[in-house]
Every structure is written in C-alpha cells, then in structure tokens.
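Asks: here is a sequence with its predicted model. Questions after.
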Protein chains: 2
Amino acid sequence: MIHQRKCPVETLIHVLGGKWKPMILWHLIESNKRFNDLEKLIPDVSQKIFSQHLRDLEREGIVDRTVYPTIPPKVEYSISEYGKKLIPVAEVMCAWGENHNKRKYKESAS
Amino acid sequence: MIHQRKCPVETLIHVLGGKWKPMILWHLIESNKRFNDLEKLIPDVSQKIFSQHLRDLEREGIVDRTVYPTIPPKVEYSISEYGKKLIPVAEVMCAWGENHNKRKYKESAS
DNA sequence: CAGCATCCACGTTGATACTG
DNA sequence: CAGTATCAACGTGGATGCTG
C-alpha cells in the first residue's frame, strides 16, 4: 500500500478496508479464536486472504497473536487492548451504515 | 460493486472508500463548490475518477447536485442534509485515525 | 464548463497446491 | 493445525481525447 494517508479518515478506512476485516474483528470481539475456528466462521474466504488480513490487523496492533508451541500447533487470535479502542468507533460506523442500508431499501421499494 | 454489505460497517467503508471521497466531502463541508473549482482543490485526481466519485456520492444521497442551465453550464455540488449526518461519524473516524497515525509514527521512531 | 468514452497499469482478491 | 507460494481473475484508479 502506497497510500499517503494524510487524511486520518483514510487511515481508518485502510485499516478496516480489507474485504473480511470487519467480520474478523466482529468474531474476535465476541471471544478469542483459533485460526481454524475463525476461518470456519467466515465462509467463502480463501486461506491466503484470511491469513493476510490477520497479519495486517496484527501489524496495526489491533489483534494479538498467541502461539502455543505444541504439536499440532495452536495459534490464538484476540482483540488487543489497543484494538478495543476501535470498538466504539465501529459502533458509530455501524449505526450510520444500518440507517443507510434501510434508507436505500426504502428507495428501491418505493 | 457487487458487495453484499450485510455488515453495516462495510456499507460505510464502501460509501467513503473511494480514494478521494473523504477529501471531496471535506471541501464540500466547507462550502458549496462548482465542478471545476472542486477539482482544482484536489490535485492529482483524474477527471474520470473525480466525476465518478461525485456521481457515487450523489447516488448515495450524500451530496446534492444543482444544475444551472446556462451557457456555459454551471453545476454546483453541496452536502445534502442527509450527508450532514455523516459529519459526526467522520469526526469519530478522524480522531481514531489521527491517534493511530501518531502511534505508528512513534513505533517507527523508537 | 462539465462532463463521457476508450484504453491501460496496478493492486487486491481468489484458487490451488505445498510445508513445518 | 496453521500457515506460505504461485498463478490467475477482477476491479479500481488513471491518462488521454472528444462533446453538448
């Protein structure tokens, strides 16, 4: 990504902008999850994109990644303390989005 | 766009996700602007993308487009009443983004 | 002035196969 | 189990030229 991101709004859009990132966070907010369990909760995502998004979110400090050096390997993902600061923001975004979806529905129904 | 957008957060990201859309809104919040004046305020945007973004925002109901049937033509863009509801949301997003940018700066400086 | 049409470069997403 | 590597498909963004 070569974005300059002078605009902070774009920063946020970039962090959450991956196709499945909001859904990943949504599930992680509920509870910590292992790689495989989380993947099963998000149908239709390819493994590559899935792990790429997780790495992105980890690099941004939004999610924590805990490795248990067992055999077979076990890796658990969770929302970081810093990542939790994103929740109220997401809620505001969510509220607007819900209203907007309703609005568009009414439009097409009229 | 073929997004399903079940998730309202994705709805918002889609609406604001165009590369120049936040900047367009930023300038329109300040005051109404004509096509050409607005374009000059946003350097490096191609005309195609610029008008495409404006049409997107118009279709979503965020901006109003007023045509004065004069010669030469004059078209003025402005934030709609509905679009103004987006401002507080953008401010929340902006606050988070600013903090995140600072955080990343500190990281790379350490 | 305020666009649209065409063509092109690039990045993101995705399918598939392989590995410690 | 939890990934990585490779290759293909698609969509967004962009340059350029034309029009009412």
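Replies: Yes, it's here.

Asks: the residue of chain A found nearest DNA strand D: neighbour count?
Replies: Using CB to the nearest atom of the strand, the point where chain A gets nearest to DNA strand D is residue A:36, with a distance of 3.0 Å. In this view, the C-beta of every residue, glycine as well, is placed from N, C-alpha and C. Other residues lying near residue A:36 total 10 when counted by other CB atoms under 10 Å in any protein chain shown.

Asks: what about it, helix or strand, and which?
Replies: helix A:35-41 (DSSP states H and E).

Asks: what comes up buried for that helix?
Replies: Of the residues in helix A:35-41, those buried by neighbour count under the rule 16 or more other CB atoms under 10 Å in any protein chain shown are A:35, A:38, A:39.

Asks: what of stretch A:101-108?
Replies: Counting neighbours by 16+ other CB under 10 Å, the buried set in stretch A:101-108 is residue A:101.

Asks: could I get the CA-only coordinates of that stretch as PDB?
Replies: C-alpha atoms of stretch A:101-108 as PDB (Å, rounded to 0.1, in the frame of the first residue of the first chain):
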ATOM      1  CA  ASN A 101     -29.000   0.400   4.300                       C
ATOM      2  CA  LYS A 102     -32.500   1.000   5.500                       C
ATOM      3  CA  ARG A 103     -32.700   4.200   3.500                       C
ATOM      4  CA  LYS A 104     -31.600   2.500   0.400                       C
ATOM      5  CA  TYR A 105     -34.100  -0.300   0.900                       C
ATOM      6  CA  LYS A 106     -36.900   2.200   1.100                       C
ATOM      7  CA  GLU A 107     -35.700   3.900  -2.000                       C
ATOM      8  CA  SER A 108     -35.800   0.700  -4.000                       C
END
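
Asks: quick check: angle from the helix of greatest length in chain A to helix B:86-109?
Replies: Among the elements of chain A assigned as helix by DSSP state H, the one spanning the most residues is helix A:86-109. Between helix A:86-109 and helix B:86-109, the angle comes out at 140 degrees (axes from the mean of the first three to the mean of the last three CA atoms, to 10 degrees).

Asks: helix A:86-109 packs against which elements?
Replies: Contact partners of helix A:86-109 among helices and strands, from 3 or more CB pairs under 8 Å, 6 or more residues apart in numbering or on different chains; DSSP states H and E: helix A:8-16, helix A:21-30, helix B:8-16, helix B:86-109.

Asks: quick one: average confidence on that helix?
Replies: Per-residue pLDDT over helix A:86-109 has a mean of 90.

Asks: quick one: contacts of that helix?
Replies: Contacting residues not belonging to helix A:86-109 are listed as A:12, A:16, A:22, A:25, A:29, A:62, A:79, B:5, B:7-13, B:15, B:60-61, B:82, B:85-86, B:88-89, B:92-93, B:96 [CB atoms under 8 Å, 6 or more residues apart in numbering or on different chains].

Asks: the residue nearest the centre of chain A - nearest residue in space that isn't next to it in sequence?
Replies: Closest to where the C-alpha atoms of chain A average out (CA atoms, centre = their mean) is residue A:21, at 2.9 Å. Taking CB to CB, 6 or more residues apart in numbering or on different chains as the measure, residue A:21 lies nearest to residue A:53, with 5.3 Å between them; neighbours along the chain are not counted.

Asks: show me what the helix or strand containing the one you found is packed against.
Replies: Counting by DSSP H and E, the element that carries residue A:53 is helix A:47-59. When contacts are defined as 3+ CB pairs under 8 Å, 6+ apart, helix A:47-59 packs onto helix A:21-30, helix A:35-41, strand A:63-68.
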